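Trainee: Model the structure of this input:
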Amino acid sequence: MPRVVSFVRVQWPVIAITAAFTGLMLAFAGQYGLHRDEMYFIVAGRHPDFGYMDQPPLTPLLSALSSAVFGVSALGVRILPTVVYAAVVLLGVLQARQFGGGRLAQALTALGIAGSGWIAVAHLDSTETYDILGWTVFLVLAVRALRGGDSRLWLAAGIAAGIDLQNKNLILFLAVGFAAGILLARRWDVLRDRWVWIGAAAAFLIWLPNVVWQAQNGWPQLEMARVIADQSGAENRSQLILIQVLFAGPFLIPVFLAGLWWLLRSNDAAAWRPIGWAYPVVLLVLFATEGKSYYAGGLIATIIAAGCVVAARWLERGRRWVRGIKATAYTIATAASVFLIVVLALPIVPAAQFPTSSEAKVNSDAVSEYGWPSFDAQVAAVVDTLSSADRRHAFILTGNYGEAGALQLLGSPDLPPVYSGQNSYWSWGPPDDARTIGIVVDGWDGAGAYFSPYLGACRLMARIDLGFPPGISEEQGAGIWICRDRTLPWSEIWPLFKHLS
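Mentor: Numbering: from 1, shown residues only. Below you'll find the model as predicted:
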């Protein structure tokens with residue numbers, strides 16, 4: 001009991017900061033609605049498997065479980081990510097303590113991580129949310145093991161990595177960076193430790209079911225990586241550094257850089273040099289492979305923790321008036337950084353004003369959360385033009401998984417069955433052969449002409465209007481066609497509709 005009381009006394013600023021930011025996350029969780037990816041994950045989790053075309057199984061399974069427990073709503077689905085958000089903050093504080101940081105350093109760490117770009121990631125139920133947790137758990141264990149902790153911590157780190165591999169394969173980037181860091185720091189003792197190799201074997205064994213699934217299905221995630229590089233590789237490279245700045249906190253980037261420099265150069269941090277080297281190596285690998293710019297986000301919390309240890313020492317040096325000036329400057333920088341991230345990352349504009357606001361132009365995730373009930377209603381209105389006999393033979397085909405997920409999860413239960421050719425949605429089709437009348441929903445103006453040779457003559461019935469100006473929303477202006485008298489069997493048509501993006 002004395003240890004518990006002591007911990008609470010020392011950590012009450014950390015608890016207060018974490019609770020305040022967790023409350024902020026929950027306050028905005030249900031502002032607009034479910035994101036297109038969140039709906040896709042829920043539907044995927046309802047088709048349990050050892051893998052999907054675009055990710056391993058963990059996030060879909062957690063999403064389906066959350067929706068079953070808390071309901072199919074933005075708030076319900078985002079409860080677990082909010083818990084993960086708070087957990088990463090507290091794990092970062094633990095790292096600051098491991099780095100030798102006292103009470104001030106730990107409070108700064110809580111504020112630095114809670115107010116960082118982590119807000120943007122943890123606002124949504126996404127693979128990246130759980131991936132950052134996986135990286136952080138691995139690094140907490142590695143920090144302790146590198147400083148002479150029990151070697152069996154490497155087994156625990158391997159288990160954490162294996163579980164994370166069932167969520168997203170990005171921790172392989174960390175493995176490459178960490179291995180390079182071991183070599184650059186000349187930590188041969190780590191390579192000689194049998195528990196390191198036992199941990200690596202454990203990670204692979206946990207990951208193995210997904211590896212087997214990928215092999216049996218033609219390695220679709222490798223194809224997905226190639227598609228991402230082809231579609232947005234140049235953009236990913238151009239935004240790589242900018243996203244790191246936003247992740248770290250735009251006005252607290254000196255703290256982040258101080259933490260990275262401390263890990264790489266300070267004698268006090270010599271034991272953790274491999275982690276310092278891992279970050280630039282991961283960035284180089286991402287640049288070379290044209291990976292998405294936020295893929296290095298899992299290292300941010302650890303480097304922020306190191307930076308806050310350095311910042312706390314800086315704030316505590318000097319005469320009283322000097323310390324006061326430093327504290328004021330640090331407070332202003334923190335407040336400005338948090339404010340900017342909240343404005344950019346959270347859906348703060350009232351829903352009625354959002355489509356024409358400046359936020360709609362910069363926050364693509366918020367755009368993907370907005371307007372799904374209206375979208376469903378407009379599609380349903382076209383379906384209602386069908387006779388009862390036609391409805392028995394109808395199906396809905398959407399251009400992307402977000403539209404399909406919205407119709408399945410949020411639309412009327414009386415709608416015809418919904419399908420899409422995008423990513424793993426393609427795996428859950430095709431319709432049965434009795435379905436000969438298609439309601440096609442697609443943002444591509446040429447969709448009607450494209451589908452006519454396969455689904456029969458297509459007639460444009462309506463266009464989706466969610467209130468956005470042109471070029472903002474993928475759904476704004478999308479056409480709704482009715483296609484009659486399918487001429488070819490689904491066994492010939494369905495393979496043509498498959499697309500990864």
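Trainee: C-alpha from now on. contacts and neighbour counts both.
Mentor: Noted.
Trainee: Do a quick rundown of the strands in the protein.
Mentor: With strands called from DSSP state E, the chain shows them at 394-398, 418-420, 437-442, 458-463, 479-483.
Trainee: So which of those is nearest residue 300?
Mentor: strand 418-420 (36.2 Å; Cα to Cα).
Trainee: Need the residues that contact the closest one.
Mentor: Applying Cα atoms under 8 Å, 6 or more residues apart in numbering, the contact partners of strand 418-420 are 395-401, 404, 407-408, 425-426, 428-431.
Trainee: Can I have the buried ones of these as a ChimeraX selection?
Mentor: Selection command for ChimeraX covering only the buried members of the contacts of strand 418-420, criterion 16 or more other Cα atoms under 10 Å:
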select :395,396,397,398,399,400,401,404,407,408,425,426,430,431
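Trainee: Looking at the contacts of strand 418-420, which is nearest residue 466?
Mentor: For the contacts of strand 418-420, the nearest to residue 466 is residue 407 (15.2 Å; Cα to Cα).
Trainee: Isn't that closest one up against residue 376?
Mentor: Yes. Using Cα atoms under 8 Å, residue 407 is in contact with residue 376, at 5.8 Å.
Trainee: returning to what we had before: report the lowest-confidence entry in the contacts of strand 418-420.
Mentor: On pLDDT alone, residue 429 ranks lowest of these, at 90.
Trainee: give the contact list for that residue.
Mentor: Residue 429 makes contacts with 419, 420, 494, as judged by Cα under 8 Å, 6+ apart.
Trainee: Most neighbours out of these, which is it?
Mentor: Among these, residue 420 has the most neighbours (other Cα atoms under 10 Å), with 28 neighbours.
Trainee: Let's see the pLDDT reported for that residue.
Mentor: pLDDT, residue 420: 97.
Trainee: That one and residue 364, how far apart?
Mentor: Per Cα to Cα, to the nearest Å, residue 420 is found 22 Å from residue 364.
Trainee: Please apply the same query to residue 453.
Mentor: Counting by Cα to Cα, the gap from residue 453 to residue 364 is 34 Å.
Trainee: Helices of the stretch 251-400 of the chain, start to end?
Mentor: Using DSSP state H, counting those that start in this stretch, the helices of the stretch 251-400 of the chain run over 253-265, 273-289, 300-315, 320-345, 359-362, 364-367, 372-383, 388-391.
Trainee: if we compare these, which one ends up closest to residue 101?
Mentor: It's helix 300-315; of these, that one is closest to residue 101 (Cα to Cα) at 5.1 Å.
Trainee: Figure out how far the closest one is from the centre of its chain.
Mentor: 25 Å (Cα atoms, centre = their mean, to the nearest Å).
Trainee: Identify all contacting residues around it.
Mentor: 88-89, 92-93, 95-96, 99-102, 104-106, 108-109, 112-113, 136, 139, 247-248, 255-260, 262-263, 276, 323, 326-327.
Trainee: What of stretch 377-390?
Mentor: Taking Cα under 8 Å, 6+ apart as the rule, stretch 377-390 contacts 391, 411, 412, 415, 437, 439, 441, 461, 462, 464, 480.
Trainee: any idea how far residue 37 is from the third one?
Mentor: Shown here: residue 412 relative to residue 37, a distance of 20 Å by Cα to Cα.
Trainee: who's more crowded, those two?
Mentor: residue 37 (20 against 12).
Trainee: wait, the more buried one sits on residue 402?
Mentor: Yes. With contact defined as Cα under 8 Å, residue 37 reaches residue 402; the gap is 6.5 Å.
Trainee: which one is residue 135 nearest to, not counting chain neighbours?
Mentor: In space, and not counting its chain neighbours, residue 135 is closest to residue 298: 5.2 Å by Cα to Cα, 6 or more residues apart in numbering.
Trainee: same thing with residue 163?
Mentor: Using Cα to Cα, 6+ apart, the nearest residue to residue 163 is residue 206, at 6.6 Å.
Trainee: The one you found: neighbour count?
Mentor: For residue 206, using other Cα under 10 Å, the count is 19.
Trainee: Just give me the closest of the contacts of residue 429 to residue 58.
Mentor: residue 420 (22.0 Å).
Trainee: returning to that earlier point: give me the ChimeraX select line for the contacts of stretch 377-390, limited to the buried ones.
Mentor: Burial among these is assessed by 16+ other Cα under 10 Å; the matching ChimeraX selection reads:
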select :391,411,415,437,439,441,461,462,464,480
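Trainee: want to throw the contacts of stretch 377-390 into a markdown table with pLDDT?
Mentor: Formatted as a markdown table, the contacts of stretch 377-390 follow (pLDDT from 0 to 100):
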| residue | pLDDT |
| --- | --- |
| 391 | 95 |
| 411 | 93 |
| 412 | 92 |
| 415 | 96 |
| 437 | 95 |
| 439 | 97 |
| 441 | 97 |
| 461 | 97 |
| 462 | 97 |
| 464 | 97 |
| 480 | 97 |
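Trainee: From the contacts of stretch 377-390, pick the one nearest residue 129.
Mentor: residue 411 (27.1 Å).
Trainee: distance of the closest one from residue 377?
Mentor: Residue 411 is 7 Å from residue 377, by Cα to Cα.
Trainee: Now for residue 358, how many residues are close by?
Mentor: Using other Cα under 10 Å: residue 358 sits among 11 other residues.
Trainee: What does the residue of the chain most remote from its centre show for phi and psi?
Mentor: Of all residues in the chain, residue 319 has its C-alpha farthest from the mean position, at 44.2 Å, by Cα atoms, centre = their mean. In terms of degrees, to the nearest 10, the main-chain angles of residue 319 are phi -70, psi 170.
Trainee: how much space between it and residue 102?
Mentor: Taken as Cα to Cα, the span from residue 319 to residue 102 is 20 Å.
Trainee: try residue 333
Mentor: For residue 333 relative to residue 102 (Cα to Cα), the value is 21 Å.
Trainee: Over to residue 26?
Mentor: Note on residue 26: its distance to residue 102, by Cα to Cα, is 29 Å.
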